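**Q** Model the structure of this input:
(3 chains)
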Amino acid sequence: MKRKMLVWYGELTTTRSLIKRGLLFLSPGMLWLLAFLVLPGLVLVVVSFASRGAYGELVWEFNLENYKRLAGFGIFGWSADYLVIVWRSVWVALVTTVLSVVLSYPLCFFIARRPERTRYLWLTMVIIPFWTNMVIRTYAWFLILAPELPFARLAAMLGLVSPGSPLYPSAFAVYLGMVSMFLPFVALPLYSSVERLDWELVEAAQDLYASRLRVFTQAILPQTLPGLSVGVILTFVPAMGMFVVPDLLGGAKYMLVGNLIQQQFGASRDWAFGAAISMGLMVLTMFSLYLYRRKSKGAEVLV
Amino acid sequence: MRRTHPLVTILAMFTMAFLYLPLMAVAVFSVNATKYGLVWRGFTLDWYLKLFHNEVILNAAWNTLVLAVVSTIVSTILGTVLAIGMDRFPWSKRVNTFLDMVLHLPVVIPDIILAAALVVAFGLLRMVSSMFEPGLLNMIIGHITFQIAFVALVVRSRLVSLGQEIEEAARDLFASTGYLLRRVTLPLLLPGIVAGGMLAFTLSLDDFVISFFTAGPESVTLPLYIFAAVRRGVTPQIHALSTLVLLITVILVVGTERFSRRR
Amino acid sequence: MDSESGGGLVLQGMNKHFGRVHAVRDVSLEVPAGEFFTLLGPSGCGKTTLLRIIAGLEMPDEGRVLLGGKDITDLPATRRQVNTVFQSYALFPHLTVFENVAFGLRSRKFPQDEINERVGKRLEMLGLEEMAQRRPDQLSGGQKQRVALARALVNEPEVLLLDEPMSALDAKLRAQVQVELRRLQQKLGRTFILVTHDQDEAMVVSDRIAVMRDGAVIQSGTPEEVYDAPRTRFVAEFLGAANLISGKVVDGGLQTELGFLHLEETPPWSQGTVAIRPEWIRLHESPPAQNGIRGRVREVIFRGTDYDLWMEPGPLRVRSHTYKHFKPGDEIWLELAPDELVVLHEA
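**A** Down below sits the predicted model:
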């Protein structure tokens, strides 16, 4: 004889009524996510195979034209323009991530070694930019790179830019903006690992006269890897899709995938092509996540 | 206290300057008397006073607030109920994996993809109902969509840390379902719900991309206004506005930190 | 008093699976009212599951729970006159000590003055009056344990269940609390059921012990019965130290590697094991009349009140009082008297 009743969190009930109640709890949130996240996502996939009408409307004729166009096959023959933008996005995201990591390590070590009282103050100083609106932070660079201020004047003196012109739009400005935007995304998860670092292990490595590089790769890196990998994924993925920073600081010369997508939904009014580019970005995202999951198996560390 | 290598200190200070110098510049120029250019002409609070007479900015501030408050309330309720639904019922492993995947989607995909998907979906919905014209409603829906996931994740981690035994103890002590919820589960869950709500609120204020894609002419928010203004050229008023938004962020962050550390 | 009256507990044919794990196997037990009963066994033996079934926090696949002669198997935890002290104590962290203790009364809507009186009485009994307005995170481990105890006892349960209540306490405090717990139970005269993996604790507090392994009860009885007459090798070794000697039955005695041993009873097997506790082996200068073995001391371990001697052949473990001093290499006669040799029931 197998009983139908079971005890769940101290309550005597049946599997049937538990499942019923559970579905009741799940449905509002899940239906919302299905309606406004999963379904639109699927629609986006479908639209990426559709075509643009003469007035920017969607035409339900399905073909691979948008993807071909993304790969560079246009009416005037092959051009690498779009692929260059895609590649540039990956490259910018990569450089941003590397620079953020390089700057985050000293910062985290510094904060971890402050006395307890001031440590939280320093940490809050990193959290504040994390939560400050990205338009404001980008615009702040706009301001500081203005021709009247010392940075642009110095560059003009060195002959890098013509006198009286700002340091934007330029690749340099994009990198500045991107790194300052994403540095806290690396620093905060990394700090949680650095805080728990076993310094005795590091000192033991130093005592063994290991070179600085070896101390880092053998003693510090393995211990901080959990936080580092979260930081890297939190930076790399959104950096690929960034569009505010390149829009304001890069201009037309330094376009990234994010701007390209925005352009299709804005001025160009070519939703189908925009959807196809979004799919391209999605593939890059999934690939990065796949690499991340393989590197840190079973680590439930996102958020 | 172990000593810190001077190079580490120098690099850390450099990084901090790198993060704060631009923001401080904005604050400094927001009290500069010059109207054009960036030459220091003395202290003034005129730009701040003018903000409060600028109808467009006041309207944008109101939109930002409505958007953040409404989306936070809805997403906190939906996210909390969803978290309870995910954690407190005997779902099979496969169901759990599926739920987990859906929940993590808005967290991991770049926001521009969600924005693009929403534009297309609202575009198609407009064929059915004019309710979905670009505007505040679409923005609220968009914000709720990514907020739910964050609220649910925060509340769920609180539920997991509460565990099973405390509710069993209450049942063992004769608590009815209502009494258990009122006296034990909700009070213990409240810090998680508040933390999730604060996170949702900050995310809404922080968002630009979703708003940018779903906004209509009548629903300009502060970040959208600033973005548009910057493309026209920076003005001291924009400095003042940005500084104010920055200050509000600081207050929110410090408040949240205080709250979460007290618990 | 017996298991039919209020507070008497009967478990019949209890079985419980978790997936493929058979957590409780065919357990039937009777606990008379007012008894201090202990479920003893290593971790994972099913003792906590059994306790949770009694509390109503787990539903058995098969079997019945009877409390005071009434079947309570299908009653929810909220309708059983049974309360539990959890291993982690599971105190409500957001409520004061007073409100923690009052919880069971409030959830049944007792009037405020009765709550004040009953909670006050329990807090006083357990020396917690000063702590009444504190929160659990301001208490020491021992104080938390007493709050958990008060919180359960204030409801005057017919049966009090204790799930490893001492595991969070340090060794010294644990010994003291064990004695206090025993006195408390005798004063209240209620049925207590304790789950523990600590055999010393089980012997100090219990009227009767049930030894569990792999979900089944393998022996139950008073602490003396279980200690003096273990039925299996597992019980012999789990409760204190034991020398296990294997051999073949020959002429009503046992032929072993150590020599021929006379037995009091004839074993139910032809080949098997007998057990003798280290302190039951007697030491002699000259050969004893029966079951004498010439032993040589290999190692001496000082234990405070006595020494443990590891002897050749064997190795046999012998416990000797401190006033007899031995060094490694000393030779001595060991008497494994027939009435001290316990015949184990498994072959």
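**Q** Now the one helix or strand residue A:156 maps to: buried residues?
**A** Taking DSSP states H and E as the criterion, residue A:156 maps to helix A:150-157. Neighbour counts using 16 or more other C-beta atoms under 10 Å in any protein chain shown place A:152, A:155-156 of helix A:150-157 among the buried residues. No exception for glycine: its C-beta is placed from N, CA and C like everyone else's.
**Q** quick one: contacts for residue C:235?
**A** C:211, C:218-219, C:226 (C-beta atoms under 8 Å, 6 or more residues apart in numbering or on different chains).
**Q** So which bits of the stretch 101-250 of chain B are right by chain C?
**A** B:165-166, B:168-176, B:179, B:183-184, B:187-188 (C-beta under 8 Å from any C-beta of the partner chain).
**Q** Which among those count as buried?
**A** Among those, the ones that count as buried by 16+ other C-beta under 10 Å are B:165-166, B:168-175, B:179, B:183-184, B:188.
**Q** Just the closest of those residues to residue B:79, please.
**A** Within those, the smallest distance to residue B:79 is 17.2 Å, found for residue B:188 (C-beta to C-beta).
**Q** Check whether that closest one really touches residue B:162, as I assumed.
**A** Yes: applying C-beta atoms under 8 Å, one finds residue B:188 in contact with residue B:162, separated by 5.7 Å.
**Q** re earlier: which one of the buried residues of helix A:150-157 is nearest to chain C?
**A** Of all the buried residues of helix A:150-157, residue A:152 has the smallest distance to chain C: 56.4 Å, by C-beta to the nearest C-beta.
**Q** quick one, what contacts the closest one?
**A** A:145-146, A:161, A:165-167.
**Q** Format those residues as CSV; extra columns: secondary structure and pLDDT.
**A** Output for the contacts of residue A:152, formatted as CSV (DSSP: H, G, I helix; E, B strand; the rest coil; pLDDT from 0 to 100):
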residue, secondary structure, pLDDT
A:145, coil, 88
A:146, coil, 84
A:161, coil, 81
A:165, coil, 81
A:166, coil, 83
A:167, coil, 86
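**Q** Might you report the residue contacts of residue B:150?
**A** The contact partners of residue B:150, by C-beta under 8 Å, 6+ apart, come to A:303, B:79, B:106-107, B:196, B:199-200, B:203.
**Q** and if you look at residue C:193?
**A** Residues near residue C:193 by C-beta under 8 Å, 6+ apart: C:9, C:31, C:37-39, C:51, C:54, C:159-162.
**Q** Which positions in the stretch 1-150 of chain C make contact with chain B?
**A** Residues of the stretch 1-150 of chain C lying near chain B by C-beta under 8 Å from any C-beta: C:55-57, C:76-79, C:82-84, C:86, C:88, C:90-94, C:103-104, C:106-108.
**Q** Show me how to select, in ChimeraX, the buried members of those residues.
**A** Buried residues among the residues of the stretch 1-150 of chain C next to chain B (16+ other C-beta under 10 Å), as a ChimeraX selection:
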select /C:55,56,57,76,77,78,82,83,84,86,90,91,92,94,103,104,106,107
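**Q** if we can go back for a sec, which among the buried ones among the residues of the stretch 101-250 of chain B next to chain C are in contact with chain A?
**A** By C-beta under 8 Å from any C-beta, the members of those lying near chain A are B:168-172.
**Q** Give me the subset of these that lies in strands.
**A** Of these, none are assigned to strands by DSSP state E.
**Q** closest to chain A among those?
**A** residue B:171 (2.9 Å).
**Q** Poorly predicted segments of the chain, please.
**A** By default, I'm working from chain A. Where chain A drops to pLDDT under 70, the residues are A:1-3, A:295-303.
**Q** think we crossed wires, I meant chain B
**A** Counting by pLDDT under 70, chain B contains low-confidence ranges at B:1-3, B:37, B:261-263.
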